[in-house]
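[1] When you get a sec, could you give me coordinates for this:
(chains A and B)
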Amino acid sequence: MKLKVPSIAVLLIAVVVQVALANKASIYGIKPDIVIVALYALSITAGTGQGLLYGCIGGLLLDCLSGGMLGLFLSGYAIAGYIAGRIGKRLFNIGETANFGGILLLSVTQGVYTAAILSTLMDGYSFFGGLFRFALPQALYSALAGTAILWLFKKPVARRVPWLGKLRPRRRARLFR
Amino acid sequence: MFRFLAKYKSLLILAAIVFASLVWMTSQVRSPGRSSLLEKGVAAAAYPFVRAVDAFASTARGVWEGYIFMVGLARDNDRLTSDNGRLVLENTRLKEELARGRRLDALASLKETAASPSIPARVIGRDASSWFSSIWVSAGEGTGVRKNMPAIAPGGLVGKVVAPFGSSSRVMLVTDPASSVSCVLQRSRDTGILAGNGTALCSLRYVGRDADVKVGDMVVTSGLDGVFPADLPVGRVKKVSKESSGYFLDVRVAPSADLMHLEELLVIMYEPQARK
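    Sure, this is the predicted structure:
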């Protein structure tokens, strides 16, 4: 598990944007989760180990800058990072549909975990209330926003890594193991 | 054995992280309200960046709303010249200044009416997640902000300081699921606990079935919780329903402060007798 400085920088930028700007794009109190989008983008090609590590870092920063309990997002995002690393091994073609599905899956997983923990530890907190009020709308919003963001960044990234597009899918998948 | 460990290394680490986090969270539930050194460190490190991004976003929004949109129109309209654009920009800036001045005026008059001295603060960030309702403000321990001090805005009660850092603080809004405020209905003097649930409306809990509650009733702080001074306006009753069973009414309250668009607030340096 090696830490990459540019990846950590992307996570830090995502956290700062999440705190300072995400609220400006909120709809009925639901804001897009920029950190999960960044986590997906970093972990999908990095494998389970690094995905786990990126999830821990992003989650811990969010824990410190949010009103919840410390450890809640750390573990939730670690799970999301691990899953992103695993599904990355199975994806041959990372396009818009895969991005939408991937971000949706990570966000729903993290949301279900958060709702479960909150309903267990907080008095009067409803699991299904949290799930339907926050987790699912936020997952959908994040998936839509994330797919758009990744689509915007797709071309510059492809231009900087020209050999990536020429590889056969199986060879490319093997590279990310 | 070693092959097994090597094969499932990541999964085992994940399981250990989840277990350790559960233990950590449980310990916080048992002794809540501590702002750790880690939180303070991250907040101190992130503060300049968040503040810079917030300032940049405010400027960009002003320029976008007041200038770029106008420039777009100017393309369709030959009469608009570069002078007009400059004037529009200046006008927008002045309007922003005027709006800001009005908000500060309202805050200043609130400061004069508040019984305890208060500290003005600017909202520089919102909670990073949708699950909790807290804001990050630009006043911290350096300016005298302490934990549990109430925060108010021209509309009414905003919440309380839960984590004061060096030059910033985190304020838990009354709509946060962990927030509870002892309140009283101004007209009937029935008491209850105002609890947030993460949405725009709060619940006024433990109001008896026979209580006299009407939609539009004003809810104010009772001062009984030892955190908030008495008689601060909190909100108005939006909905009252009586369930077929149970001892209490289901009362929903809309906070009177505009928590969604909050830009400035006052932190009241209130310390009740019990805490002194």
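[2] OK, contacts around the residue nearest to B:K9 when sequence neighbours are not counted?
    Once flanking residues are discounted, B:K9 sits nearest to A:G49: 7.3 Å by Cβ to Cβ, 6 or more residues apart in numbering or on different chains. All C-beta spots, glycine's among them, are computed from the backbone N, C-alpha and C. Applying Cβ atoms under 8 Å, 6 or more residues apart in numbering or on different chains, we find A:G49 in contact with A:1, A:85, B:9-10, B:13.
[3] Going by distance to A:A41, which of these wins?
    A:G85 (12.2 Å; Cβ to Cβ).
[4] thought that closest one was touching A:T48?
    Yes. Between A:G85 and A:T48 there is a contact at 3.6 Å, judged by Cβ atoms under 8 Å.
[5] overlap in contacts of the two?
    With Cβ under 8 Å, 6+ apart as the test, A:G85 and A:T48 both reach B:S10.
[6] quick one on the thing from earlier: dump the contacts of A:G49 to CSV, plus distance to A:L21, neighbour count and secondary structure.
    Shown next, in CSV, are the contacts of A:G49 (distance: Cβ to Cβ, whole Å; neighbours: other Cβ atoms under 10 Å in any protein chain shown; DSSP: H, G, I helix; E, B strand; the rest coil):
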residue, distance to A:L21, neighbour count, secondary structure
A:M1, 30, 14, coil
A:G85, 27, 25, helix
B:K9, 37, 14, helix
B:S10, 32, 20, helix
B:I13, 32, 18, helix
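[7] just the strands in chain A please.
    Taking DSSP state E, chain A contains no strands at all.
[8] Low-confidence stretches in it?
    A:1-3, A:89-94, A:155-177 (pLDDT under 70).
[9] Now do the strands in the stretch 151-276 of chain B.
    Ranges of strands in the stretch 151-276 of chain B, per DSSP state E, counting those that start in this stretch, are B:156-164, B:169-173, B:180-185, B:191-195, B:202-205, B:218-221, B:233-241, B:250-255, B:264-268.
[10] so which of those strands gets nearest chain A?
    Chain A lies closest to strand B:169-173 among these, at 5.6 Å (Cβ to the nearest Cβ).
[11] Partner strands of the closest one, with direction?
    strand B:134-137 (antiparallel), strand B:156-164 (antiparallel) (DSSP bridges).
[12] tell me the angle it makes with strand B:264-268.
    The directions of strand B:169-173 and strand B:264-268 differ by 90 degrees, with axes from the mean of the first three to the mean of the last three Cα atoms, to 10 degrees as the criterion.
[13] hey, C-alpha coordinates of strand B:169-173 in PDB?
    Extracted C-alpha coordinates of strand B:169-173, given in PDB (Å, rounded to 0.1, in the frame of the first residue of the first chain):
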ATOM      1  CA  SER B 169     -15.600  27.000  15.700                       C
ATOM      2  CA  ARG B 170     -18.200  24.500  14.800                       C
ATOM      3  CA  VAL B 171     -21.800  25.400  15.600                       C
ATOM      4  CA  MET B 172     -24.400  22.600  15.800                       C
ATOM      5  CA  LEU B 173     -27.700  23.900  14.300                       C
END
